[in-house]
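Engineer: turn this into a structure:
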Amino acid sequence: MSATPSATISSAPDSATTASGGSDLVPVILCGGTGTRLWPLSRASYPKQYWALAGSGEETLLQQTQLRLQGLGGLAAPLLICNEDHRFIVAEQMRQIGVEPAAILLEPMGRNTAPAVAVAALQATARGEDPLLLVLAADHVIREAERFRATVAAGIPAAEAGALVTFGIVPTAPETGYGYIEAAAAPESAIAGEANAASAVPQGPVPIARFVEKPDRATAERFLASGRFTWNSGMFLFKASAILAELERLAPEVVSACRAALEHDSADLDFLRLEREAFAGCPNVAIDVAVMEKTDRGAVLPLEAGWSDVGSWSALWETADQDAEGNVLRGRVISQDSRNCYLRSEHRLVVGLGVEDLVVVETDDVVLVAHRDRAQDIKAVVGQLEAAGARESRAHRRIYRPWGSYDGVTEGERWQVKKIVVNPGASLSLQMHHHRAEHWVVVAGTAVVEKNGVEELVGENQSTYIPLGCRHRLTNPGRIPVEMIEVQSGPYLGEDDIVRFEDLYGRSGRVPVRG
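Structural biologist: Numbering: from 1, shown residues only. The predicted structure follows:
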């Protein structure tokens, strides 16, 4: 808790988008989380940060998180921290926007934000450097990118001087679902004579008086009236050495576990895989709890840039562009005489006729129909599905792999049909199955199929048979995706009936269930 209630910690730089002090500014993008409140679109196998949810473009929330930083001076390659299962999704989405990360760090299991920040700081200082770290969540929406960059730049001098800066969202309502940060003094505007100081870029961070957990409505209303409270966004700016020093002082067990996990990490193509046993021993704790609520170096910088954590379908409806009737329409949707609805189709046609205040989301295997006021209850529904062991709670019908994707079309007692897409230049592993045979029919593109060491070219409208026990592999040598229909038959058709012998993506051995 801060002891000095000074008005500001440092002045804003002359240019709102220029880093001062000469330090590199390293984005640290935290890609964890399952986003169950945006089910059925967001699921553990493909959570919300990897979907295009905000704006009219095709960029995902993760891609937007990186792209909105363009224009900040001293911007370095990002560090990304994600779950092992999502590593190829993260790498591909960065490739699509032309960004080569400094590293993609793989967590063997989730341990909250304090270990993630500690790992990033240790990695950033591994070569004796001491950059500024801009810690961001991959699943936030920020509509005003220029104002966001200006606010980040306003915090750089204080961070260079050793402050641990957090960005507090200027509240727009007495929300009870967010934690709050109380500033030791009201912030000053960096724009002299600004008529609406609340909408101006702040001059600099203000020392933190305290953090407050989610309040009741009456308390939240008092917080808003005071002008000294902001929502806790979970975004931070600090020197790598500064956060490491406070972690060592306030949560040394986090640093020691993360250091051990990095010392015994293993390179996996473009990824750094943290050592499982060491990381498993790390406390599961947020950086707010481990450091920010206890340090005397904390400072809060108000941010007013159209922020949302997209915590529910109703929140997404509020932040999205609406038509004249208040509707948000995505995909193959027709709306007539409907008002204030969020209607989204991923595959089939969705028609809204004379309805109000609804959320309708169609995916390949689920249709959600909910009143907007009940959108927060979706998490409980997912919990019920998980308890029942329902596949829909965790994964979509389409499953993504480093070489492309496969989609379960239909199945019977001893057979199933999949649509498989293999990207240009990609290749399945050299593998075999103990319990199933496969028949492949190529419907687009041209594939090279290897069977027991013999290669054959299989083009559009041609097929090949993979008998049980055959070592086989498919490669796409062309410039367009290979699409094929796979018919499997046998007594056991689980994904763990794969034995890999060679693999371009560092995978080997028997595949674990759902691997």
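Engineer: which regions of this protein sit below the pLDDT cut-off?
Structural biologist: Within the chain, the segments meeting pLDDT under 70 span 1-22, 56, 187-202, 268-269, 507-515.
Engineer: rerun at 50
Structural biologist: 1-8, 10-20, 190-198, 510-515 (pLDDT under 50).
Engineer: relative to its centre, which residue of it is most distant?
Structural biologist: residue 454 (41.7 Å; C-alpha atoms, centre = their mean).
Engineer: contact partners for residue 376?
Structural biologist: 37, 177, 311-312, 314 (C-beta atoms under 8 Å, 6 or more residues apart in numbering). From N, CA and C alone the C-beta is placed, and that goes for glycine too.
Engineer: report the buried members of those residues.
Structural biologist: 37, 311-312, 314 (16 or more other C-beta atoms under 10 Å).
Engineer: and those, which is closest to residue 500?
Structural biologist: Residue 500 lies nearest to residue 37 out of the buried ones among the contacts of residue 376, by C-beta to C-beta, at 35.9 Å.
Engineer: could you pull out the helices for the stretch 351-500 of the chain?
Structural biologist: With helices called from DSSP state H, counting those that start in this stretch, the stretch 351-500 of the chain shows them at 378-387.
Engineer: run through the strands of it in chain order.
Structural biologist: With DSSP state E, counting those that start in this stretch as the criterion, the stretch 351-500 of the chain has strands at 358-362, 367-371, 398-401, 404-411, 415-422, 430-432, 437-444, 447-451, 454-458, 463-466, 472-475, 482-489, 499-502.
Engineer: the first one to strand 367-371, inter-axis angle?
Structural biologist: For strand 358-362 against strand 367-371, the angle by axes from the mean of the first three to the mean of the last three C-alpha atoms, to 10 degrees is 170 degrees.
Engineer: ok, and what's touching strand 358-362?
Structural biologist: Against strand 358-362 from outside (C-beta under 8 Å, 6+ apart): 40-41, 313-314, 317, 331, 338, 341-348, 350, 352, 367-372, 375.
Engineer: returning to that earlier point: now the contacts of residue 376 as JSON lines including secondary structure and distance to residue 244?
Structural biologist: Compiled in JSON lines, these are given as follows (DSSP: H, G, I helix; E, B strand; the rest coil; distance: C-beta to C-beta, whole Å):
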{"residue": "37", "secondary structure": "helix", "distance to residue 244": "33"}
{"residue": "177", "secondary structure": "coil", "distance to residue 244": "32"}
{"residue": "311", "secondary structure": "coil", "distance to residue 244": "30"}
{"residue": "312", "secondary structure": "coil", "distance to residue 244": "35"}
{"residue": "314", "secondary structure": "helix", "distance to residue 244": "39"}
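Engineer: to residue 287, which of the strands of the stretch 351-500 of the chain lies closest?
Structural biologist: Once these are compared by C-beta to C-beta, strand 398-401 is nearest, at 29.5 Å.
Engineer: list the contacts of the residue lying closest to residue 129 once chain neighbours are set aside.
Structural biologist: Excluding its sequence neighbours, the residue lying closest to residue 129 (C-beta to C-beta, 6 or more residues apart in numbering) is residue 24, at 7.3 Å. Going by C-beta under 8 Å, 6+ apart, residue 24 touches 74-76, 129, 131-132.
Engineer: try it again at 7 Å.
Structural biologist: Neighbouring residues of residue 24 by C-beta atoms under 7 Å, 6 or more residues apart in numbering: 74, 76, 131-132.
Engineer: next SSE downstream of whichever helix in the chain runs longest?
Structural biologist: Identified as the longest helix of the chain according to DSSP state H is helix 145-160. Downstream of helix 145-160, the first helix or strand assigned by DSSP states H and E is strand 164-169.
Engineer: packing partners for that following strand?
Structural biologist: helix 145-160, strand 229-239, helix 240-250, strand 298-303 (3 or more C-beta pairs under 7 Å, 6 or more residues apart in numbering; DSSP states H and E).
Engineer: who touches that strand?
Structural biologist: 151, 155, 158-159, 181, 205, 230-233, 235-238, 242-243, 246, 292, 295, 297-303, 307.
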